[in-house]
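Undergrad: sequence below, structure please.
(chains A, B, C and D)
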Number of protein chains: 2
Amino acid sequence: MSRERSKTTDSVLAILRRHRRPVSAYDVLGELQDTNPKIAPPTIYRALAALMDKGLVRRVESLNAFMACKGRNRRHHTSIMSICDDCGAVEESIAPDLVEDLSVVIGKSGFEPTRHVIEVHGVCASCGAGRMPA
Amino acid sequence: MSRERSKTTDSVLAILRRHRRPVSAYDVLGELQDTNPKIAPPTIYRALAALMDKGLVRRVESLNAFMACKGRNRRHHTSIMSICDDCGAVEESIAPDLVEDLSVVIGKSGFEPTRHVIEVHGVCASCGAGRMPA
DNA sequence: GCCAATTGCGTTACAATATAACATTGATTA
DNA sequence: TAATCAATGTTATATTGTAACGCAATTGGC
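TA: Numbering: from 1, shown residues only, chains lettered A, B, ... in the order given. All right, here's what the predicted structure looks like:
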């Protein structure tokens, strides 16, 4: 089995999984402090770093927040985040061909990519459905 | 002519253009305070917001920093940032086809994109050249 | 067994980024 | 002139993130 995480790290992961959307580090901290009032920011950030190392959690750069990966995406280093600015829902999707194209485009100048941040803001299907037509 | 900016906003743009890489809002603030010690954060953030509205400046989400757009990219809403994690240089490039593909991929689920964040971290050509071969 | 050395986590303090809320000023016009 | 509005200044605070130090548990060598 893979047990190699501290209790705090497990709790952080559990919290991120319960919310199904990005959560700020300080919101996680707040929830943990309900049971353990003495916990402090560095603990959270260390747990988040460990979870990101393992590919279990991603940081959403344009929100300064963190989100548990969906199982089937964990093996991919890069996922595409679709962020609904109306309801806050985030969908994670993968598109290896697109990421490859992107690497090729910017690789032309000799740049060697190590990490891709692809985040698309907009309006999700269910929020868009309730709108006035243009 | 297009004069419709405050003096502060002009200064912020000038500072961002001098640096040819992303600069934090507080670094901009620091430079402005050399001549006007009383200026405060909200002024900077307002100037940055105005410049982003006009497409003259972009925010680099994964660095929490801001950068003046290169002239020929200003008309495009989306540019791809290649960020060298070694020397800090950032290249802005455009790839409308790729952005279109991306919109199509995530549009399949009914998501309507309004803003794309595409930032690639890695090592630029000149930094990569000075490395040990693998 | 005992003593470094290492490692992980706790804790304190602070740094860096960003915005809310209210005050002032200066232009606009009734 | 007085009323209004927009832009900017100002104060204060919120939010996000880290550096640095200390302690306790683990481990590997002797």
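Undergrad: just confirm yes or no for the strand ranked longest in chain A near chain B.
TA: The longest strand of chain A (DSSP state E) is strand A:112-123. Yes: Strand A:112-123 is in contact with chain B by Cβ under 8 Å from any Cβ of the partner chain, via A:112-123. For the C-beta atoms, the positions are set from N, CA and C on the backbone; glycine is no exception.
Undergrad: got the residues of chain A near chain B?
TA: So chain A meets chain B at A:61-62, A:64, A:80, A:82, A:84-85, A:91, A:93, A:95, A:98, A:101-103, A:105-106, A:109-126, A:128-129 (Cβ under 8 Å from any Cβ).
Undergrad: 7 Å instead, please
TA: Chain A has residues A:61-62, A:80, A:82, A:91, A:93, A:95, A:98, A:101-102, A:105-106, A:109-125, A:128 near chain B, with proximity defined as Cβ under 7 Å from any Cβ of the partner chain.
Undergrad: return a ChimeraX selection command for the buried portion of those.
TA: Of the residues of chain A next to chain B, the buried ones can be selected in ChimeraX as follows, counting by 16 or more other Cβ atoms under 10 Å in any protein chain shown:
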select /A:61,62,80,82,91,93,95,98,101,102,105,106,111,112,113,116,117,118,119,120,121,122,123,124
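Undergrad: please tell me how far residue A:20 sits from residue B:60.
TA: 28 Å (Cβ to Cβ, to the nearest Å).
Undergrad: the strands in chain A, which residues?
TA: In chain A, the strands defined using DSSP E lie at A:57-60, A:65-68, A:80-84, A:90-93, A:112-123.
Undergrad: can you spell out which helices and strands pack onto the first one?
TA: Right, strand A:57-60. Where contact means 3 or more Cβ pairs under 7 Å, 6 or more residues apart in numbering or on different chains; DSSP states H and E, strand A:57-60 is packed against helix A:41-53, strand A:65-68.
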